[in-house]
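**Q** Here is the input, now give the coordinates:
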Amino acid sequence: PPAGRPRGARPVCFGAGAARGGAAAPAHAEVARDTLSADEAAAPMEINLTLQMRNFDELERRVAAGEILSREEMAARFLPDPAQWQAVAGWLSAQGLAVGQAGASHQEVVATGTPAQLQAAFGTRFARVKFRDGEYTAAVTTPTLPAEVSALVRSVHGLQPYLRPHKHASRRKDVLTANGAPPFLPEDITTAYDIAPTGLTGAGQRIGVVIDTTPTLSDLTTFWANTGVPQSTSNITTINVRNRALGSPSGEETLDVAWSSAIATGAQIIIYACGDLNYVNEDYSRIVSDLQANAEPGLNQITMSFGAGEETDETPDDINAAHQYFTSMAAYGVSLFASSGDEGANANGGATVQAVYPASDPLVTGVGATTLTLDPTSVIGSETAWSRISPRSKDQDSSGGGISQSFSRPSWQTGTGTSGTGREVPDVSMVGDPNTGCYLIFQSKSEEDGGTSLGTPIWAGMCALLNQARANKGLAAISGLNSQLYPLLGTTAFHDITSGNNGTYTAGVGYDAVTGLGTPDFAVLLQALSGTTHPAFFNGETALSNGVYYLQFPSGNPFGYYSFLTNPNYIYHNDLGYEYVFDAADGKSGVYLYDFASSTFFYTSPSFPFPYLYDFTLNSVLYYYPNATKPGYYTSNPRYFYDFATGQIITK
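**A** Sure, this is the predicted structure:
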C-alpha cells in the first residue's frame with residue numbers, strides 16, 4: 001500500500017474468531033460458553049457501522065500534502081451522502097434493529113438490538129467469550145452483509161466488545177512538593193520545556209479530549225487553585241456522545257483535562273465522552289460532524305490517552321474505520337495526539353511485541369514518556385527514557401514504542417535512527433515516569449501521575465498555543481504536524497533522549513522507538529512552525545515606511561533570539577537562505593544560523609561580532625530607522641521600539 005496507509009485495507013473485515021478449549025493465552029480470546037443465558041440473549045448490544053467515504057484515495061493524498069479543505073468541498077466530494085446513510089439505516093431498520101440519528105458528516109450508523117437480532121441480521125453466531133479482563137457476549141463467526149449494503153460500508157464495530165482501547169494512566173500517591181521536585185507543577189513543566197516564555201494562552205482555541213467519562217469539577221478547581229493556574233469551569237464543556245449515563249471518573253479523564261487546561265489556560269476544553277471506550281468510534285464520528293457543522297470553531301487539536309494493541313486488541317476493521325475518521329479530521333486542520341502506551345513494546349501488558357493504535361496511525365502524533373529531573377529553578381537536570389529495569393521483563397511499565405504492522409512507513413519519517421518499512425512510534429515524548437510525574441487532584445486527594453497519557457494532553461495544549469500564534473498572524477491551523485516535526489530532528493527544537501529502553505527498543509542518538517524525536521524546546525519549536533517568514537512584518541510596518549522589520553526567536557526567557565534586519569552589521573545570505581542571530585536568552589556569546597528553508601537553528605561560533613541593543617526597562621527592542629539615502633545604514637533618530645505588552649512598534 002502507499003506509505004502511511006493501512007496495510008490490507010478492505011471495506012468490511014472482522015477479527016479472528018475466539019479459540020476453543022485450553023488455557024486462554026493473555027493476548028487471545030477463548031469461547032467460555034457456546035450457549036447464552038436468557039438474560040444474556042435479551043441484553044441489547046450497540047454496534048456502529050462506519051460508511052465508506054467517497055473519493056477517499058484522493059482525500060488521503062490531499063491530506064498527506066498538507067491541504068485543509070472547506071466544509072463545502074468535504075460535503076460535495078468526500079463525506080458519505082445522505083442517500084448512502086439512508087440506505088444502510090433502512091436496511092438495519094428492516095432487520096428489526098433500532099437506528100440512531102444521522103450526524104452532519106453522515107459517516108456512521110448506530111444500531112441497537114439483541115444478540116438474536118444481530119445474529120439474524122449479520123449471519124453470525126454469538127457466544128460467551130473470555131478475554132483478559134472478563135467475559136463478554138460476542139460474535140465468534142464473521143458477519144456478512146448484502147452486496148448492496150456492503151458496498152456502502154467500510155467497517156462494522158461492536159460485535160466483539162472485548163476488542164477495545166484501554167486507558168494509559170499510571171498513578172502513585174504523593175503530596176505537593178517544592179518547585180523542581182516531583183510531583184511537578186504546571187510552572188515546572190512550562191519552564192522546563194520552554195513554554196512559559198512564549199506568553200501564549202491558547203485563546204481562541206478548543207482542545208478536544210476523547211475519553212469515556214468526565215472529571216469531577218471540584219477536582220479540577222482544586223488543582224487549578226493549588227497550582228496557580230488561571231482557569232475556570234466555564235472553559236470546560238462536556239458532550240455526552242451517546243446520551244447514556246456516564247461512569248464514575250477513573251483518573252484518566254481528570255489528568256487529560258487538568259493538564260491540557262494548565263498548558264493552554266485560555267483555551268476551551270471539549271470533552272467527548274462515549275461512556276465506554278468500546279464505543280470510541282462514536283466519539284470520532286461526533287467530532288467529524290461537529291467539524292462539518294462548525295459547531296466547535298477552533299477545535300484544532302485532540303488528545304487521546306488510550307490505545308489498543310494493533311494485533312491483539314484491534315481488528316483491521318477497527319483500524320480502517322478510525323483511520324477514515326482521522327483522515328477527515330486532518331482535512332479540517334485538526335492535529336491528533338495519542339499516548340504510545342505504558343507497557344513498553346508489549347501493548348496493554350500482553351506477550352506480543354506490537355505497536356499501540358491510535359498512536360501508530362500516521363495522522364496521529366504518538367507521544368512517549370521520559371524520566372525527568374529538574375533543578376530548583378525548574379531547569380532540566382537530566383532526562384532519560386522511561387525505562388524497564390530488565391529488558392526481558394514483560395511486567396514493568398515503560399514508554400510504549402515499536403513498529404506498526406498496520407501502516408507502512410510514511411515518507412516524512414526519516415532521519416538518524418529511523419529504519420525499516422513500517423511506521424515507527426512514538427513521534428515525540430514528554431515527562432511520564434510516574435516516579436517523576438506531575439501533580440493532580442483526584443477524588444479530592446493529591447497524587448503524582450504519569451504514563452504516556454500525561455504527555456499527550458500536554459502536547460495537545462502546546463498545539464493550542466501554536467495554533468493561537470498562527471491565528472494571530474492570520475494563518476490557518478497547522479496541518480500535517482508529523483511531516484513538519486521530523487525535519488527538526490537534531491535541532492534545538494528537541495532535546496534528544498539518548499539513554500533507556502522499553503524492553504525491546506533502546507533510546508539513542510536521533511530518532512528511536514522509545515522516545516521518538518525527543519522532548520520539546522517549545523519556544524524554538526514555535527518559531528519553526530508558527531509561520532515565520534523572511535522578512536517578518538508587524539502590523540505597524542506600513543506606517544513606519546519600508547525597512548522596519550523584526551524577527552523574534554524566543555528561547556529561555558520572553559526576549560529570546562533577535563535578528564537585526566535593519567542593522568548594517570546584520571547579514572542575510574540570500575543565496576544560502578540563512579541569517580546570523582545572537583542567542584541573548586542564555587547569556588552565551590554565540591552566533592546561530594537560522595535556515596528559512598528548514599526553519600531550524602544551527603550553532604556556528606562562540607564569538608559574537610554584532611552590536612546588540614535592548615532596553616530592559618521599557619521591555620522593548622531598540623530599532624533605528626533605515627537611512628533611505630544611504631542603503632545599508634540607519635539614522636540614530638527617530639528610534640523605534642517593539643513593545644512586548646501590546647505587540648506594537650512604537651516611537652520614542
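
**Q** OK, contacts around residue 279?
**A** For residue 279, the contact set (Cβ atoms under 8 Å, 6 or more residues apart in numbering) comprises 46, 48, 158, 241, 242. Placement of C-beta: from N, CA and C, glycine included.

**Q** Need the max-distance pair from these.
**A** Farthest pair in these (Cβ to Cβ) is 158 and 241. Separation: 14.2 Å.

**Q** Next up, the contacts around residue 387.
**A** By Cβ under 8 Å, 6+ apart, the neighbours of residue 387 are 371, 398, 399, 500, 501, 502, 507, 514.

**Q** make it 6 Å
**A** Residues in contact with residue 387, defined by Cβ atoms under 6 Å, 6 or more residues apart in numbering, are 398, 500, 501.

**Q** Excluding chain neighbours, give the residue nearest to it in space.
**A** residue 500 (3.8 Å; Cβ to Cβ, 6 or more residues apart in numbering).

**Q** all strands for the stretch 101-250 of the chain, in order.
**A** Taking DSSP state E, counting those that start in this stretch as the test, the strands found in the stretch 101-250 of the chain are 108-113, 126-131, 134-139, 153-157, 166-167, 170-173, 206-211, 236-240.

**Q** Pick out the shakiest of the ones you listed, pLDDT-wise.
**A** Mean pLDDT is lowest for strand 170-173 among the strands of the stretch 101-250 of the chain, at a mean of 70.

**Q** Residues in a beta bridge with the spatially most central residue of the chain, which ones?
**A** Centroid check for the chain by Cα atoms, centre = their mean gives residue 337 as the closest residue, at 1.4 Å. Under the criterion DSSP bridges, residue 337 forms beta bridges with residue 303, residue 365.

**Q** Please put the alpha-carbon coordinates of stretch 374-385 into CSV.
**A** The C-alpha atoms that make up stretch 374-385 are tabulated as CSV, following Å, rounded to 0.1, in the frame of the first residue of the first chain:
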residue,chain,number,x,y,z
LEU,A,374,14.8,19.4,37.4
ASP,A,375,16.9,21.7,39.4
PRO,A,376,15.3,24.1,42.0
THR,A,377,14.7,26.7,39.2
SER,A,378,12.8,24.0,37.1
VAL,A,379,15.6,23.8,34.5
ILE,A,380,16.2,20.3,33.2
GLY,A,381,19.0,18.5,35.0
SER,A,382,18.7,15.1,33.2
GLU,A,383,16.2,13.3,31.1
THR,A,384,16.2,9.7,30.1
ALA,A,385,13.6,7.3,28.5
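
**Q** quick one: contacts of it?
**A** By Cβ under 6 Å, 6+ apart, stretch 374-385 touches 179-180, 188, 191-192, 370-373, 399, 497, 499-500, 507, 514-515.

**Q** and that stretch, what's its mean pLDDT?
**A** pLDDT averaged over stretch 374-385 gives 95.

**Q** from the chain's centre, how far out does that stretch sit?
**A** 24 Å (Cα atoms, centre = their mean, to the nearest Å).

**Q** Show me which residues of that stretch are buried.
**A** 374, 378, 380, 383, 384, 385 (16 or more other Cβ atoms under 10 Å).

**Q** gap between the second one and residue 422?
**A** Which is residue 378. Distance from residue 378 to residue 422, counting by Cβ to Cβ, to the nearest Å: 38 Å.

**Q** same check, this time on the first one
**A** With the distance defined as Cβ to Cβ, residue 374 ends up 35 Å from residue 422.

**Q** For the helix or strand encompassing residue 32, which strands pair with it and how are they oriented?
**A** Residue 32 is located in strand 30-33, with elements delineated by DSSP states H and E. When pairing is defined by DSSP bridges, strand 30-33 lines up against strand 19-20 (parallel), strand 126-131 (antiparallel).

**Q** Buried ones in it, by neighbour count?
**A** Using 16+ other Cβ under 10 Å as the test for burial, strand 30-33 gives 30, 31.

**Q** Following element in sequence after it, please.
**A** Following strand 30-33 in sequence, per DSSP H and E, is helix 38-42.

**Q** Pull the distance from that next one to the chain's centre.
**A** 40 Å.

**Q** and that helix, C-alpha only, in CSV?
**A** C-alpha atoms of helix 38-42 as CSV (Å, rounded to 0.1, in the frame of the first residue of the first chain):
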residue,chain,number,x,y,z
ALA,A,38,-31.8,-15.9,28.8
ASP,A,39,-30.6,-12.6,30.3
GLU,A,40,-27.6,-12.5,28.1
ALA,A,41,-29.6,-13.2,25.0
ALA,A,42,-32.0,-10.4,25.8
